[in-house]
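Using only what follows, build the 3D model:
(one chain, ligands or ions: 1)
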Amino acid sequence: MHTPQNRRRRQLLKACAALAVIPVIGVPGEAMAAKNAAMRASLKYQDTPMGDKQCSNCMQFIPGKTPTALGGCKLYPGDTEIAPKGYCVAWVKKP
Ligand code: SF4
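Below you'll find the predicted structure:
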């Protein structure tokens, strides 16, 4: 039977199901990652080291959650994909 109460209950269940899906669609993990293309180009960033010079031993590096995870750089605002083994011309040895 399609009583008004049953119809309302089904509509409420659909609305709850839709709300439960929103956080999954709205904040996917990968969407948080970002690259600062302008800074990468101007400082000649590369994902590979230059000899023994690499981001993980640069004083500007902001480490990720693990030693091999992508991190950030104090000179690259908004960039969350700096590789520990990356390098750019602004490299300065970590003291
Ligand atoms: Fe890496 Fe360059 Fe930032 Fe140093 S300044 S952490 S080398 S991107």
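
can we go C-alpha only for contacts and neighbour counts from here?
Fine.

Where does the prediction get shaky in the protein?
Within the chain, the set of residues satisfying pLDDT under 70 comprises 1-31.

Around the ligand, pick out the residues from it.
54-55, 58, 60-61, 73, 75, 86-88, 90-91 (C-alpha under 6 Å from any ligand atom).

any idea where the helices of this protein begin and end?
Using DSSP state H, the helices of the chain run over residues 4-26, 37-42.

Quick one: residues in contact with the last one.
Okay, so that is helix 37-42. Outside helix 37-42, the residues that touch it by C-alpha atoms under 8 Å, 6 or more residues apart in numbering are 46, 75-76, 88.

could you redo the last one with a cut-off of 6 Å?
Applying C-alpha atoms under 6 Å, 6 or more residues apart in numbering, helix 37-42 has no contact partners.

Could you break the chain into its assigned domains?
1-33, 34-95 (automatic domain parsing).

want to throw the residues of the chain next to the ligand into JSON lines with distance to residue 40 and neighbour count?
JSON lines is the format used below for the residues of the chain next to the ligand (distance: C-alpha to C-alpha, whole Å; neighbours: other C-alpha atoms under 10 Å):
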{"residue": "54", "distance to residue 40": "15", "neighbour count": "22"}
{"residue": "55", "distance to residue 40": "13", "neighbour count": "30"}
{"residue": "58", "distance to residue 40": "16", "neighbour count": "20"}
{"residue": "60", "distance to residue 40": "14", "neighbour count": "18"}
{"residue": "61", "distance to residue 40": "14", "neighbour count": "23"}
{"residue": "73", "distance to residue 40": "11", "neighbour count": "19"}
{"residue": "75", "distance to residue 40": "10", "neighbour count": "14"}
{"residue": "86", "distance to residue 40": "11", "neighbour count": "21"}
{"residue": "87", "distance to residue 40": "10", "neighbour count": "26"}
{"residue": "88", "distance to residue 40": "8", "neighbour count": "22"}
{"residue": "90", "distance to residue 40": "11", "neighbour count": "13"}
{"residue": "91", "distance to residue 40": "13", "neighbour count": "19"}
